[in-house]
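Chemist: test case, fold it:
(chains A and B)
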There are 2 protein chains.
Amino acid sequence: MASRSQTHAALGRAVRDLRTGRGLSQEDLAHESGMHRTYLGGIERGERNVSYANLKRLALALGVPASQLLSRAEEHESG
Amino acid sequence: MASRSQTHAALGRAVRDLRTGRGLSQEDLAHESGMHRTYLGGIERGERNVSYANLKRLALALGVPASQLLSRAEEHESG
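Modeler: Numbers count the residues shown, from 1 in each chain, chains lettered A, B, ... in the order given. Below you'll find the model as predicted:
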């Protein structure tokens, strides 16, 4: 497994990729997911150890199953 | 999305199914993942809002990618 910081950075990249792929700003996604924009920014930078509940909220707002969000993160880990 | 309690219960079932499928006791998996057995028990009962770091540790100890653990949880949510 990648180090914790790599793991979280990979998740952050997956969130950002899915968000920008849907044409959403951080503010849009924060609103959709009910998170604060600065907290979301921290997730995208890999600085936050997001909870399962928040992973599910993010995935829902991004329109993908949480498993798919994690698959994307795993691609970044190994890539 | 299922309610938070349903969501966490589904994750707990997925963890338990993968654990028992590998013939591991809660104590074995706790040891493998570096978690306390009572904390792991709480996850399996859907009582804990596990962090991303702990999801990754659990998946590693279960021998599956975290995305696959979440896929299993999603099957329990919809089933």
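Chemist: any buried residues in stretch A:32-52, and which?
Modeler: A:32-33, A:35, A:40-44, A:46, A:48-52 (16 or more other C-beta atoms under 10 Å in any protein chain shown). C-betas here are computed from N, CA, C, even on glycine.
Chemist: report the rounded mean pLDDT for it.
Modeler: Rounded to a whole number, the mean pLDDT of stretch A:32-52 is 96.
Chemist: same check on stretch A:66-79?
Modeler: For stretch A:66-79, the per-residue pLDDT averages 92.
Chemist: correct me, but A:Asp17 touches A:Glu75?
Modeler: No - if you go by C-beta atoms under 8 Å, A:Asp17 and A:Glu75 don't touch, sitting 9.6 Å apart.
Chemist: then the helix or strand harbouring A:Glu77 to PDB, C-alphas only?
Modeler: Using DSSP states H and E, A:Glu77 falls within helix A:66-78. The C-alpha coordinates for helix A:66-78 follow below in PDB (Å, rounded to 0.1, in the frame of the first residue of the first chain):
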ATOM      1  CA  ALA A  66     -18.100   5.300  -3.600                       C
ATOM      2  CA  SER A  67     -16.400   2.100  -4.900                       C
ATOM      3  CA  GLN A  68     -15.800   3.900  -8.200                       C
ATOM      4  CA  LEU A  69     -14.300   6.900  -6.500                       C
ATOM      5  CA  LEU A  70     -11.900   4.600  -4.700                       C
ATOM      6  CA  SER A  71     -11.100   2.700  -8.000                       C
ATOM      7  CA  ARG A  72     -10.000   6.000  -9.400                       C
ATOM      8  CA  ALA A  73      -7.900   6.700  -6.400                       C
ATOM      9  CA  GLU A  74      -6.200   3.300  -6.700                       C
ATOM     10  CA  GLU A  75      -5.300   4.100 -10.300                       C
ATOM     11  CA  HIS A  76      -3.500   7.200  -9.000                       C
ATOM     12  CA  GLU A  77      -1.800   5.200  -6.300                       C
ATOM     13  CA  SER A  78      -0.300   2.700  -8.700                       C
END
